[in-house]
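**Student:** Build me a model:
(one chain, ligands or ions: 1)
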Amino acid sequence: MKITGDEVSVFIDSYNETIPYPRKVARKSHKIFRKSSRRRFESVDRTWGLPLQGIATWALGKNLCVNFDTMREKHGDIFTVGLLHKNLVVLSNWELVRDIFERNEISGRPEGIISRKLAFGRMGIAAAEGSFWQDNRRFTVRILKDFGFGKREVMNSMIQDAALTLCRFLGENQHKPQDLGPRLNLAIINIIWRMIADKQLSHDDAKMQDIMIKIEEVFNDANHLRFFDLFPFLVYLWPPALRACRRMDRSVTTLSKIFSEEIKDHKKNLSLSEDPKDFIDAYLTEMARQKARGEINPNFSEFELQVIISDLFIAGSETTTNTIRWCVLFLLCHPEIQEKLQAEVDSVVGPDRLPSLDDRDRMQYTQAFMMEVLRLGVMLPVGAPHAATEDTEVAGFLFPKGTIVFANVWACHMDPKFWPDPGKFDPGRFLNPDGTLKTKVPSYFPFSLGKRQCPGESVALMEIFLFMAIFMQKFTFRTTIGLPHPKPESVPSLPLNHPQPFQFLVGERKLWNKSDSLFIVPDPPTSNW
Ligand code: HEM
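**Tutor:** Sure, this is the predicted structure:
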């Protein structure tokens with residue numbers, strides 16, 4: 001489907017007027033506008049005369065997705081928000097997102113203070129662009145698929161192991177108010193560490209603790225610095241921002257040191273004749289093979305590897321952890337859904353073995369539950385920003401080079417055209433009348449769409465499934481007595497949609513005989529890959 005000119009409710013005579021960009025580009029874009037004269041963005045700032053609304057919305061707005069949705073009601077499914085020197089386009093229609101994000105030219109990333117710090121300029125995957133990004137993303141996806149996500153048995157025991165370690169802590173504190181706390185973050189970080197470095201660390205290990213704390217700080221500081229992403233020079237005038245910048249530098253340095261030491265260790269023990277045992281080995285082997293063939297690709301380097309590892313941790317830990325938190329929060333609010341999940345795990349798995357990834361196909365209600373959590377508790381409500389790498393026309397709209405493009409994922413997940421009673425938590429909406437899981441679901445993309453679609457989607461879904469299935473097999477989660485009933489509300493922050501902090505009680509399920517099966521830890525895998 002394409003947006004027709006008629007759907008752009010108010011005609012704005014010149015898009016060029018609100019965005020200063022070079023004359024050459026303006027002339028060129030004028031031609032494109034004439035060619036498709038009815039396809040223009042609604043420009044929000046026209047109503048203000050100055051791009052104040054854009055700046056206020058971006059920098060100060062607590063709930064960006066809700067603010068953008070309010071603008072959508074007035075300005076349509078695609079509109080621009082001027083930010084003085086930058087121009088931002090917001091998409092609130094999933095088919096537009098699909099068509100636009102499928103284009104290489106809209107798969108860039110905006111330059112900003114945060115990405116410069118996290119990605120040492122434009123290294124790694126998440127902040128990189130062009131051939132650099134393509135080569136490293138393609139390679140990373142392949143390694144992770146061939147060696148990690150694709151090896152179901154290895155993933156299975158890694159995740160079971162991490163979930164059981166967490167269950168042990170929950171079980172020890174049952175009937176006392178508790179939260180998932182840092183133990184959940186550590187469990188998820190451990191899984192990523194095992195894929196990357198084939199090592200498992202204890203939750204008390206200083207390296208694990210450092211990784212977790214620094215990643216948390218990075219997200220907090222990124223949230224505080226979003227205004228300064230637009231006006232980096234102002235950082236020097238605002239001491240808290242300067243402090244956040246320095247803290248971010250320190251966090252990134254600590255993470256880099258841990259990862260570069262691990263790479264050095266792997267280099268010492270690398271054997272090209274053996275199959276790579278983890279992500280670092282696979283990357284180093286690829287570099288060595290390129291060298292042997294005399295085809296050195298400058299896009300591959302040890303430093304690049306270090307930034308990719310950092311990307312995998314930053315993109316893969318808080319997102320998964322907070323989605324599992326949302327799962328537990330929704331269970332506390334819907335005990336009847338918890339009973340259905342428990343009934344499913346009891347009937348498919350029973351009490352004598354652990355749930356495994358092979359059970360997924362037969363646990364359709366659990367999967368529908370996860371999908372509903374990812375719809376309402378969408379982790380990146382406005383996704384991650386894309387940028388136009390050159391002047392591009394897509395779906396009849398012109399995106400001048402440098403335009404920042406956001407998809408309002410939350411608005412698409414709440415669109416009443418696709419989701420009747422969108423605010424209601426109802427896993428049943430993802431099931432067909434015969435109880436099977438719907439495969440094609442429109443207006444739903446918690447992992448984004450197109451060229452930048454999350455490369456960690458399958459591992460995240462494996463983790464969430466096994467954690468929840470194991471929780472449901474072993475425990476009942478209840479609200480705490482004497483504390484206010486938790487609500488499924490989020491802490492407004494960017495880019496992640498954290499649930500409000502909450503506490504719960506866990507009770508071991510009576511079905512279980514604690515002595516024989518509650519905390520069995522599976523045999524460690526022979527190799528992570
Ligand atoms: C529930 C968990 C997760 C959610 C909801 C999620 C969602 C997303 C989203 C929305 C994006 C932005 C895509 C775009 O720019 O359009 C993204 C990017 C990314 N994610 Fe995930 N993610 C999750 C877990 C993971 C995991 C487990 C990993 C890896 C271990 C991972 C690695 C990445 C990377 C490397 C990128 C950058 C991709 C690129 O720029 O090309 N994510 N993710």
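
**Student:** Just confirm Leu64 contacts Pro381, I think it does.
**Tutor:** Yes - using Cβ atoms under 8 Å, Leu64 is in contact with Pro381, at 7.1 Å. C-betas here are computed from N, CA, C, even on glycine.

**Student:** between the two, which one's more packed in?
**Tutor:** For Leu64 versus Pro381, neighbours defined as other Cβ atoms under 10 Å are more numerous around Pro381 (27 against 23).

**Student:** Hmm, Val409 and that one touching each other?
**Tutor:** Yes - shown here, Pro381 and Val409 form a contact pair, counting by Cβ under 8 Å, at 5.9 Å.

**Student:** Touching both of the two, which residues are there?
**Tutor:** Cys65 (Cβ atoms under 8 Å, 6 or more residues apart in numbering).

**Student:** and the longest helix for this structure?
**Tutor:** Ranked by residue count under DSSP state H, the longest helix found in the chain is helix 239-268.

**Student:** quick one: contacts of the next helix or strand after that one?
**Tutor:** Under the assignment DSSP states H and E, the closest C-terminal helix or strand after helix 239-268 is helix 279-292. Helix 279-292 has contacts (Cβ under 8 Å, 6+ apart) with 139-140, 143-144, 147-148, 195-198, 262-263, 266-267, 270, 272, 276, 296-297, 300-302, 305, 308-309, 312.

**Student:** can you pull the buried residues of helix 279-292?
**Tutor:** Phe279, Ile280, Asp281, Ala282, Tyr283, Leu284, Thr285, Glu286, Met287 (16 or more other Cβ atoms under 10 Å).

**Student:** Give me the nearest residue to the residue of the stretch 251-400 of the chain found nearest the ligand, chain neighbours excluded.
**Tutor:** At 2.9 Å from the ligand, Gly316 is the closest residue in the stretch 251-400 of the chain, using Cβ to the nearest ligand atom. Nearest non-adjacent residue to Gly316, counting by Cβ to Cβ, 6 or more residues apart in numbering: Gly456, 4.9 Å away.

**Student:** So which residues on the stretch 101-250 of the chain come close to the ligand?
**Tutor:** Ile125, Ala126, Arg137, Ile192 (Cβ under 6 Å from any ligand atom).

**Student:** let's see it at 5 Å
**Tutor:** Residues of the stretch 101-250 of the chain lying near the ligand by Cβ under 5 Å from any ligand atom: Ile125, Ala126, Arg137.

**Student:** what number of residues lie near Arg138?
**Tutor:** Around Arg138 there are 12 residues (other Cβ under 10 Å).

**Student:** can you pull the contacts of it?
**Tutor:** Contacts of Arg138 (Cβ under 8 Å, 6+ apart): none.

**Student:** Please name the nearest non-neighbouring residue to Lys417.
**Tutor:** Ser443 (7.5 Å).

**Student:** Assign a three-state SS to that neighbour, would you?
**Tutor:** When classified by DSSP: H, G, I helix; E, B strand; the rest coil, Ser443 comes out as coil.

**Student:** Mind pulling the model confidence for it?
**Tutor:** pLDDT for Ser443: 98.

**Student:** ok, it to Thr389 distance?
**Tutor:** 27 Å (Cβ to Cβ, to the nearest Å).

**Student:** do Trp94 as well
**Tutor:** For Trp94 relative to Thr389 (Cβ to Cβ), the value is 23 Å.

**Student:** ok, the two, which is more surrounded?
**Tutor:** Remark: of Trp94 and Thr389, Trp94 carries more neighbours, 24 against 19, as counted by other Cβ under 10 Å.

**Student:** you'd agree that one is up against Ser448?
**Tutor:** No - assessed by Cβ under 8 Å, Trp94 is found out of contact with Ser448, at 10.8 Å.

**Student:** Centroid-nearest residue for the chain?
**Tutor:** A centroid search over the chain (Cα atoms, centre = their mean) returns Thr319, at 5.0 Å, as the residue closest to the centre.

**Student:** which one is it nearest to, not counting chain neighbours?
**Tutor:** Ranked by Cβ to Cβ, 6+ apart and with sequence neighbours excluded, the top spatial neighbour of Thr319 is Met379, at 4.9 Å.

**Student:** burial of the closest residue to Pro240 other than its chain neighbours, as a residue count?
**Tutor:** Spatially, and ignoring its direct neighbours in sequence, Pro240 is nearest to His224 (7.1 Å; Cβ to Cβ, 6+ apart). Number of residues near His224 (other Cβ under 10 Å) recorded here: 17.

**Student:** isn't His224 right up against Ala244?
**Tutor:** Yes - His224 lies in contact with Ala244 (Cβ under 8 Å); the separation is 4.7 Å.

**Student:** Arg183 against Leu166, yeah?
**Tutor:** Yes - using Cβ under 8 Å, Arg183 makes contact with Leu166 at a distance of 5.4 Å.

**Student:** who in the protein is up against the ligand?
**Tutor:** Looking at the ligand, the residues of the chain close enough under Cβ under 5 Å from any ligand atom are 125-126, 137, 311-312, 315-316, 319-320, 323, 379-380, 383-384, 447-448, 452, 454, 456, 459-460.

**Student:** Among the residues you listed, which lie within helices?
**Tutor:** Arg137, Asp311, Leu312, Ala315, Gly316, Thr319, Thr320, Thr323, Val459, Ala460.

**Student:** so can I have JSON lines of those residues showing pLDDT?
**Tutor:** Rendered in JSON lines, the data for these read as follows (pLDDT from 0 to 100):
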{"residue": "Arg137", "pLDDT": "95"}
{"residue": "Asp311", "pLDDT": "93"}
{"residue": "Leu312", "pLDDT": "95"}
{"residue": "Ala315", "pLDDT": "93"}
{"residue": "Gly316", "pLDDT": "94"}
{"residue": "Thr319", "pLDDT": "95"}
{"residue": "Thr320", "pLDDT": "97"}
{"residue": "Thr323", "pLDDT": "97"}
{"residue": "Val459", "pLDDT": "91"}
{"residue": "Ala460", "pLDDT": "95"}
